[in-house]
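K.L.:
After the sequence you'll find the predicted model.
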Amino acid sequence: MASLARLALTQDEALAMARDLEQILAHVASLDALDTEGVPPTLHGFDLPTPLRPDRAAPAMDPELAVGNAPARQGSAFLVPKVLEEEG
Amino acid sequence: MAQAEKVLAGSLADQRAALDRSEISASELAAASLAAIDRYADLALVVTRQDETALRDAEEASRRIAAGRSRSILEGIPVVLKHNIVQKGESATCASHILENFVSPYDATVVERLRAAGAVFVGRANMDEFAMGSSTESSIYGPSRNPWDPSRSCGGSSGGSAGAVAAGIAALALGSDTGGSIRQPASFCGVVGFKPSYGRVSRWGLVAFASSLDQIGPFARRVSDCAALFEQMAGHDPRDSTSLPEPAPKVCERLDGDVSGLTIGLPKEYFVESGVDPGVLARVREAITELEGAGAKFVPVSLPHTAHTIATYYLIATAEASSNLARFDGVRYGRRAKDPVDLEDLYRRSRSEGFGAEVKRRILLGTYVLSAGYYDAYYGKAQRVRTLIRRDFEAAFRGCDLILTPTAPETAFRLGEKSGDPLAMYLSDVYTVSANLAGLPALSLPCGLANGLPVGLQLLGKPLDEITLLRVGDAFERRTPHHRLVPPAHARGGA
């Protein structure tokens, strides 16, 4: 699960988390007692249709500002470790 | 300075009057607020000062007031922001290492609107990391301490905002409420906290925790002050697709002190003797008697799925959080781990180094309940139960105009009392989470003391009916002295 969540846990952390999560999952298991056959799910606070806006060009954020918080950048691009291996 | 401190400790109306009569300038008031932030530094309430922008905005406000050109009731009034609401050029750490060095490139809609109305943002309030908590203990700044008793919690997650208003750092503050994060700290600190209906206030510029539940709202020492702040920041915002396409309701002009003819529901599931501190229950019953005397009628109502709200809430909130917090990957902003071997390692270590234990716990739970094979059993189930909870309220509101409950089952607990037991912490939100699940407006206001600590009264309204809530809250305040209680001087750092 930690791998799916992109988290690296130490052995101790993983044990403590597993214990906490077991306790929490035991509590939420109380929902199993409820009959929800035919009950529609509530996805949001209100039932609103997805609003559409006019398809009109508008100024975007200044690229300098947009990448201003990047831990590593080159010009207005974000830098990350190499993803593709070079072909040998 | 003594004069400035006195004005600072007053209500919005007091501050407005002092500014308009030139007894004090907006610049002096802002300076007093900044000084108060330092004076209460030990309590870790407001953890970041915004001197430069605050003094600049205050000077502009001073000029406007002197020229008789105030933009609104908020002209020159100091306001504290929770650390998860962004302001251009300022920090918004969410009390997390992962955003420690973040500087916002834009303004949240609420910041834009309140600034245009003349508000002066003096500093940023402490909170539980990413708003995940009920005690403001899981923060990189250390725990916020309650001005009523520094050994106790301010509640959370907006504990710093509530504590700042209680201590007299500012008359107004903003917080966010996903499962009670405005109302429970308001209750613990003896101030007014208001969560508007879902969609009333734009979430643009609020760092997302659980998007179907999050809502920004005000803290103040008076219901009428909360109403004024709400009126200035509510209303449709095209940048938030979940913002209601309606203008802000005019609430202030409706606060007439009249509650006669209103029917208030008392949910029997919330008044179970075993689950509530007897002192809390006693104060809430006195409040009922008071409102009865003012002409309101009380009827019993039932919310049969109350026992399932915490489980439902934690499944939905963690699922949404695990998805929302996927954006913190060490690439575009926030902390990045040193010397990653590849992109996967960059993600994993940046997140593991940046997030605290409670945030990791919730991301893991959310990832689990959304994972293949468990989705229907957990997340899907919770969404269906959410419908049942919403229907409970629809049925109850057929027989009453609003619902009254305690805000929390207890007064402020001691720091450390629950921090080792996540489930016990989650259960402390038992009375507040249902309003978020059902999208309802909800107000917490002081109704006296128990064991020397503040008790909060919660009013839950029909969807979009902020007016009735604020009217009843204001009417209660006019008839009672509780909102005038302030923390004992010895606990307030000798102020």
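P.N.:
The structure has been received and is ready for your questions. Residues are numbered from 1 along each chain as shown, chains lettered A, B, ... in the order given.
K.L.:
Tell me how many other residues crowd residue B:293.
P.N.:
10 (other Cβ atoms under 10 Å in any protein chain shown). For glycine as for every other residue, the C-beta is placed from the backbone atoms N, C-alpha and C.
K.L.:
How about it: what's its closest non-neighbour residue?
P.N.:
Excluding its sequence neighbours, the residue lying closest to residue B:293 (Cβ to Cβ, 6 or more residues apart in numbering or on different chains) is residue B:479, at 7.9 Å.
K.L.:
Cross-check the contact I'm expecting between the one you found and residue B:292.
P.N.:
No. With contact defined as Cβ atoms under 8 Å, residue B:479 does not count as touching residue B:292 (11.2 Å).
K.L.:
now the nearest residue to residue B:49 once chain neighbours are set aside: how far from residue B:54?
P.N.:
Spatial nearest neighbour of residue B:49, excluding adjacent residues (Cβ to Cβ, 6+ apart): residue B:123 at 4.8 Å. Separation of residue B:123 from residue B:54 (Cβ to Cβ, to the nearest Å): 7 Å.
K.L.:
Comparing those two, which shows the higher neighbour count?
P.N.:
Between residue B:123 and residue B:54, counted using other Cβ under 10 Å, residue B:123 has the larger neighbour count: 28 against 22.
K.L.:
Before we move on, what's the pLDDT of that one?
P.N.:
Per-residue confidence (pLDDT) for residue B:123: 98.
K.L.:
For it, give the beta-bridge partners.
P.N.:
residue B:49, residue B:80 (DSSP bridges).
K.L.:
can you pull the contacts of it?
P.N.:
Shown in contact with residue B:123 (Cβ atoms under 8 Å, 6 or more residues apart in numbering or on different chains): B:33, B:34, B:37, B:46, B:47, B:48, B:49, B:50, B:54, B:80, B:81, B:169.
K.L.:
of those residues, closest to chain A?
P.N.:
In terms of Cβ to the nearest Cβ, no member of the contacts of residue B:123 lies closer to chain A than residue B:48, at 16.6 Å.
K.L.:
Test my guess that that closest one contacts residue B:87.
P.N.:
No. The pair residue B:48 / residue B:87 is not scored as a contact, 10.7 Å apart, by Cβ under 8 Å.
K.L.:
and these two? which has more neighbours close in?
P.N.:
residue B:87 (22 against 18).
K.L.:
ok, and does stretch B:197-207 reach over to chain A?
P.N.:
Yes. Interface with chain A: stretch B:197-207 contributes B:197, B:198, B:199 (Cβ under 8 Å from any Cβ of the partner chain).
K.L.:
Ranking by neighbours, what's the top pick from those residues?
P.N.:
Neighbour tally across those (other Cβ under 10 Å): the maximum, 28 neighbours, falls on residue B:198.
K.L.:
Setting aside sequence neighbours, what's the nearest residue to residue B:171?
P.N.:
Using Cβ to Cβ, 6+ apart, the closest residue to residue B:171 is residue B:12 (5.1 Å).
K.L.:
what sits against that neighbour?
P.N.:
Taking Cβ under 8 Å, 6+ apart, one finds B:73, B:74, B:77, B:171, B:172, B:220, B:222, B:224, B:225, B:228, B:229 in contact with residue B:12.
K.L.:
again with residue B:196
P.N.:
By Cβ under 8 Å, 6+ apart, the neighbours of residue B:196 are B:215, B:216, B:217, B:230, B:234, B:441, B:466.
K.L.:
one more time with 7 Å
P.N.:
The neighbours of residue B:196, taking Cβ atoms under 7 Å, 6 or more residues apart in numbering or on different chains as the test, are B:215, B:217, B:230, B:234, B:441, B:466.
K.L.:
Kindly report the same for residue B:277.
P.N.:
B:409, B:410, B:411, B:450.
K.L.:
let's go with 6 Å and repeat that
P.N.:
residue B:410 (Cβ atoms under 6 Å, 6 or more residues apart in numbering or on different chains).
K.L.:
ok, for the residue of chain A found nearest chain B, nearest residue in space, not its chain neighbours?
P.N.:
Nearest to chain B, among the residues of chain A, is residue A:45, at 2.9 Å (Cβ to the nearest Cβ). Among residues not flanking residue A:45 along the chain, residue B:198 sits closest, at 2.9 Å (Cβ to Cβ, 6+ apart).
K.L.:
who's in contact with the one you found?
P.N.:
Contacts of residue B:198 by Cβ under 6 Å, 6+ apart are A:45, A:46, B:215, B:439.
K.L.:
In contact with the most centrally placed residue in chain B: list those residues for me.
P.N.:
Taking Cα atoms, centre = their mean, the centroid of chain B lies closest to residue B:182, which sits 2.3 Å from it. Contacts for residue B:182 were tallied using Cβ under 6 Å, 6+ apart; they are B:158, B:175, B:193, B:195, B:217.
K.L.:
Output those residues as JSON lines; include the columns neighbour count.
P.N.:
Below are the contacts of residue B:182 laid out as JSON lines (neighbours: other Cβ atoms under 10 Å in any protein chain shown):
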{"residue": "B:158", "neighbour count": "38"}
{"residue": "B:175", "neighbour count": "33"}
{"residue": "B:193", "neighbour count": "34"}
{"residue": "B:195", "neighbour count": "33"}
{"residue": "B:217", "neighbour count": "29"}
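K.L.:
Nearest to chain A among those?
P.N.:
residue B:195 (11.2 Å).
K.L.:
Run a quick check on the residue of chain A closest to chain B versus residue B:439, I expect a contact.
P.N.:
Yes. If you go by Cβ atoms under 6 Å, residue A:45 and residue B:439 touch, sitting 3.4 Å apart.
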